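>>> need the 3D shape of this:
(2 chains)
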Amino acid sequence: MSIDLSQFYQVFFEEAAEHLAAMEGLLLELDVEAPDLETLNAIFRSAHSIKGGAATFGFNDMAEVTHVLETLLDRLRKQELDVTVEMVDTFLQAGDIIREQLGAHQAGTEYEDPRADEVCQRLAELAAPEIATSGDVDEVQQASTLWQVRFNPSEVGCTKAQALSALFDGLAGLGSIERVREDGPDLCHWQLLTDSDAAAIRDIMAFLCDADGVELLPQTDGEAPFEPGSCDADEDDSFGFFDGAPGTEQTATPSEVDEGDGFGFFAGAPGLDQAEAAAHLVDEDDGFGFFAGAPGADQAVDQEGDGFGLFGGSPGMQEVASVADRDRAEETQGFGFFDTAPGAPKQASTNAEPAAPSQPMRPVPSSAAKPSQAAAAKRPASGESSIRVSVEKVDELINLVGELVITHAMLAESASELDSTVFERIFDGLSNLERNSRDLQQAVMSIRMMPISFVFNRFPRVVRDTAATLGKKVSLKLIGEDTELDKGLIERLADPLNHLVRNSIDHGIELPEQRLEAGKPESGEIVLKASHRGGSVVVEITDDGGGLNREKILAKAEKQGIAMPENPSDKDVWHLIFHPGFSTAEKVTDISGRGVGMDVVRRNIEEMNGRVDIDSTPGQGTRITIRLPLTLAILDGLSVRMGEEMFILPLTAIQESIQPRPEQFKSVAGRGQVVQVSGEYLPLVVLQDVFNDGGEKIPYEDGILVIVDTNEGRAALLVEELVAQHQVVIKSLETNYRKVEGVSGATIMGDGRVALILDVDALVRLNRKAA
Amino acid sequence: MNELSKEGGATMSEDSREYLTFNLGDEEYGIDILKVQEIRGYDAVTKIANSPEFIKGVINMRGVIVPIIDMRLKFNLGQVEYNQFTVVIILNIAGRVIGMVVDGVSDVIALSNNKISPAPEFGAVLDTDYINGLATLEERMVIMVDIEKLMTSGEMGLVDQAQNAAA
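Numbering: from 1, shown residues only, chains lettered A, B, ... in the order given. Predicted coordinates:
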């Protein structure tokens, strides 16, 4: 019986990526001096979820790394160890490795990198020292047990030396381990000193081998090893796919170690009736419930239910462990993938007693109840149901709504010829239709909207790493992370922002000594701020560094032969840094300074119909402002007429429009024409000439001048008539045709005709070519 | 004829396909009917700046922006006139939708591959590169065109050349 798990892979990949991102965010938030238990628990939960998923889907490499990670985290959250900066760094590295492994699995390849082992090793070392170094021998002895681990490698499916050493290392994460004898092909005998119980040991081994075949004998210090018969190590690693209450009806004897690792896919309450009879039983349940399943439901005994419910099921939710007279130590952590209900209703009584004198018992931390309480508190907030829908479906919906808006416009136009008194109902209906379709359009557009925090959240890490590389002290402040914009824009914003932030750290923020000299605080600050302004989103990157150096930039421009006016304005000078190949960095670092970049940044942003502006004050810092439309799909535009054709001018580009007088037009020595507008000479772009439409030429003074803002400065665009302001749905010309110079796209007007959307930057370029 | 083509349709196997024939000037051309999406009248087009004369512009076809090419202008054929009888064949080629203005659409025929004979090196307004062969239909000669190759060629300028080179 096998189930094609691959259909769930995508879900796992997405979820795991989110968990990783959450984990990274929390790690960066973590204050090493005074770690917040909540945060530690949240990090642990993320790691645990990834582990559970990875193990279920057979991505053992990921499971391995997350496992060691989790081991250390577990100790941290139980406050057995103190958080150190080193640990956080290692966690971040481990996160990177898991991400790469995830990427490799997603691409269908195997991830191989020695770094994975290194990081695991480091994590294991970090997790271990307490045992090795603790001075409190008594405590160690009380808590720790010496386990004899004996197994036949080939029987447990762990023949490769690599797997074997991974197993060894994995166990080393629990405590100190040594080989009693050399690992042979048919017998391995290790000795493990740990405070973990048998369940935890098997838990680890289960990731790597068939733990059933492992003989695990506890031995308290000084005592002889148990006779194999005296302790009934009943191990139940049940992978119940459909029904499966494996290990049911086990009649347990006292001092039985019962462990139900149930992977219940559909139903399955592994270990259902287990051990009702057992008075002292350590039951640990790692249930991976896929569809329903409250793994380990009705378990009435001491237990730890770690449930990974993928679709339904809050695993371990209905554990009504009501056998009051039993000693119970229950720790429940449910990781619901969809039904985010981590932590089930819980009845934890914490008066745990060692189950049997010889039985090692995991210390029950007094904080055990906290995680689930915290989770329960969060539950209402994250409990809002959501669905995952492919972007294509949403785009299709947006397209259809766009069509609806256009159809409405056509209807309205036809109806405008009717007598509004006679056809009153038609007009009423039309205005209703308009309102509804606008609302619909807005609702559909909002599906694509995502908070900008999706991009911002990566920056704490970027800033931390970059600043560390450069030996600078930089703090990052994020403002307005909830600002929403189109998903497509968010994805495309990431690269330019990344570049700008790194630039700010490299070129903007000074070294700590220089800052102190300049009378500024040692640590620089970078502020990332997003806000809505009018119909656009404004993202600002502000640093309190040295600012741009006007003289240096001008000197550099001269060296590169970039033509500059006599007394350029600051704005003109700052814009020089967007010139291809321009860099004033004294030396090229691996972070920036190569001079490719700022021009790419500007190009990327302009491709999104956005704009970049720079503001800089020497000695006080630089502010880069990015202005973006809310969405890629809709544009606010002004329709203009030229001959018989209609064109759309993006409103963002328009500054003003004027009715020209003949004397305003001047020609410059055969090199094109200029218009004098309020004391300034602007290049004249005659739409008719640029597009060679061959129609009858109109006298310039009969047209309208639209002053537009282009990346080469202001320009005057001559059109015949301004028609109306519209919100237009942008359609690509390239879908069925090719790119047309001077045009950024097309749209469909109310009368069903196509109108081209003008690209003013390209028009100015075209105009110069034509001249 | 009808029966014949029906029969042809019924027994259509790998070596028999259906073709749409159309007129350009005095010549009759055939194209694979599977490339044809629909046939419609000529509508108001929006001109595209700085494009060759034969690219009439773009139209809105149920929300899709479709470029329109006038084959008569491209090959200097026939009377170039736009009225209610002007026909546009909407083609679906390489994932793109393209409209093609022709003099008239005549028929749908089924032909087996062995009825198509190789084309001589000259004789048609189209470059022989784009011609699959010639077929005879009731004494008339039909020129079989590889419409996909023609429309995606650099000569037509419908597809960005970089894209064309990559394809």
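>>> which stretches of chain B form strands?
Assigned by DSSP state E, chain B shows strands spanning B:16-24, B:27-32, B:36-41, B:55-61, B:64-70, B:87-93, B:96-102, B:104-112, B:131-137, B:140-145.
>>> quick one: pLDDT of the residue of chain B found nearest chain A?
Closest contact between chain B and chain A, by CB to the nearest CB, is at B:A49 (3.5 Å). Every residue, glycine included, has its C-beta placed from N, CA and C. The model reports B:A49 with a pLDDT of 81.
>>> burial count for the spatially closest residue to it that is not a sequence neighbour?
Spatial nearest neighbour of B:A49, chain neighbours left out: A:F691 (3.5 Å); criterion: CB to CB, 6 or more residues apart in numbering or on different chains. As a burial measure, A:F691 scores 27 neighbours (other CB atoms under 10 Å in any protein chain shown).
>>> and the one 5 residues further on, by the same measure?
Counted with other CB under 10 Å, the neighbours of A:E696 add up to 7.
>>> contacting residues around it?
Residues in contact with A:E696, defined by CB atoms under 8 Å, 6 or more residues apart in numbering or on different chains, are A:G643.
>>> what about it, distance to chain B?
Going from A:E696 to chain B by CB to the nearest CB, to the nearest Å gives 15 Å.
>>> what's the answer for A:V723, then?
From A:V723 to chain B the distance is 15 Å (CB to the nearest CB).
>>> could I get the average pLDDT for the helix or strand where that residue lies?
Secondary structure from DSSP states H and E places A:V723 in strand A:721-729. Strand A:721-729 shows a mean pLDDT of 84.
>>> same deal with stretch A:476-485?
The average pLDDT for stretch A:476-485 rounds to 88.
>>> okay, now the unreliable bits of the stretch 351-500 of chain A?
A:351-384 (pLDDT under 70).
>>> closest residue of it to chain B?
Closest point on the stretch 351-500 of chain A to chain B, by CB to the nearest CB, is A:E403, at 4.5 Å.
>>> wait, doesn't that residue sit right on B:G63?
Yes - the pair A:E403 and B:G63 qualifies as a contact (CB atoms under 8 Å) at a distance of 4.5 Å.
>>> returning to what we had before: any chance of the strands of chain B in JSON lines, plus distance to chain A and mean pLDDT?
Output for the strands of chain B, formatted as JSON lines (distance: least, CB to the nearest CB, whole Å; pLDDT from 0 to 100):
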{"stretch": "strand B:16-24", "distance to chain A": "20", "mean pLDDT": "88"}
{"stretch": "strand B:27-32", "distance to chain A": "18", "mean pLDDT": "89"}
{"stretch": "strand B:36-41", "distance to chain A": "11", "mean pLDDT": "91"}
{"stretch": "strand B:55-61", "distance to chain A": "5", "mean pLDDT": "89"}
{"stretch": "strand B:64-70", "distance to chain A": "4", "mean pLDDT": "90"}
{"stretch": "strand B:87-93", "distance to chain A": "10", "mean pLDDT": "92"}
{"stretch": "strand B:96-102", "distance to chain A": "5", "mean pLDDT": "91"}
{"stretch": "strand B:104-112", "distance to chain A": "21", "mean pLDDT": "87"}
{"stretch": "strand B:131-137", "distance to chain A": "24", "mean pLDDT": "85"}
{"stretch": "strand B:140-145", "distance to chain A": "20", "mean pLDDT": "87"}
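>>> in a markdown table: the ones you listed, plus mean neighbour count.
Converted to a markdown table, these look like this (neighbours: other CB atoms under 10 Å in any protein chain shown):
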| stretch | mean neighbour count |
| --- | --- |
| strand B:16-24 | 20 |
| strand B:27-32 | 22 |
| strand B:36-41 | 15 |
| strand B:55-61 | 22 |
| strand B:64-70 | 23 |
| strand B:87-93 | 20 |
| strand B:96-102 | 22 |
| strand B:104-112 | 17 |
| strand B:131-137 | 18 |
| strand B:140-145 | 19 |
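>>> for the strand or helix carrying A:R122, buried residues please.
Element membership for A:R122, per DSSP H and E: helix A:114-127. Residues of helix A:114-127 classed as buried by neighbour count (16 or more other CB atoms under 10 Å in any protein chain shown): A:116-117, A:119-120, A:122-124, A:126-127.
>>> tell me which helix or strand comes right after the helix or strand harbouring A:E606.
Using DSSP H and E, A:E606 sits in helix A:598-607. As assigned by DSSP H and E, the chain's next helix or strand after helix A:598-607 is strand A:611-617.
>>> with just CA atoms, put that next one into PDB.
Coordinates of the C-alpha atoms in strand A:611-617 are reproduced here as PDB (Å, rounded to 0.1, in the frame of the first residue of the first chain):
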ATOM      1  CA  ARG A 611      10.300  56.500 -10.300                       C
ATOM      2  CA  VAL A 612      13.500  56.900  -8.200                       C
ATOM      3  CA  ASP A 613      14.500  60.100  -6.500                       C
ATOM      4  CA  ILE A 614      17.500  61.000  -4.400                       C
ATOM      5  CA  ASP A 615      17.900  63.500  -1.700                       C
ATOM      6  CA  SER A 616      21.100  64.000   0.100                       C
ATOM      7  CA  THR A 617      22.600  66.300   2.700                       C
END
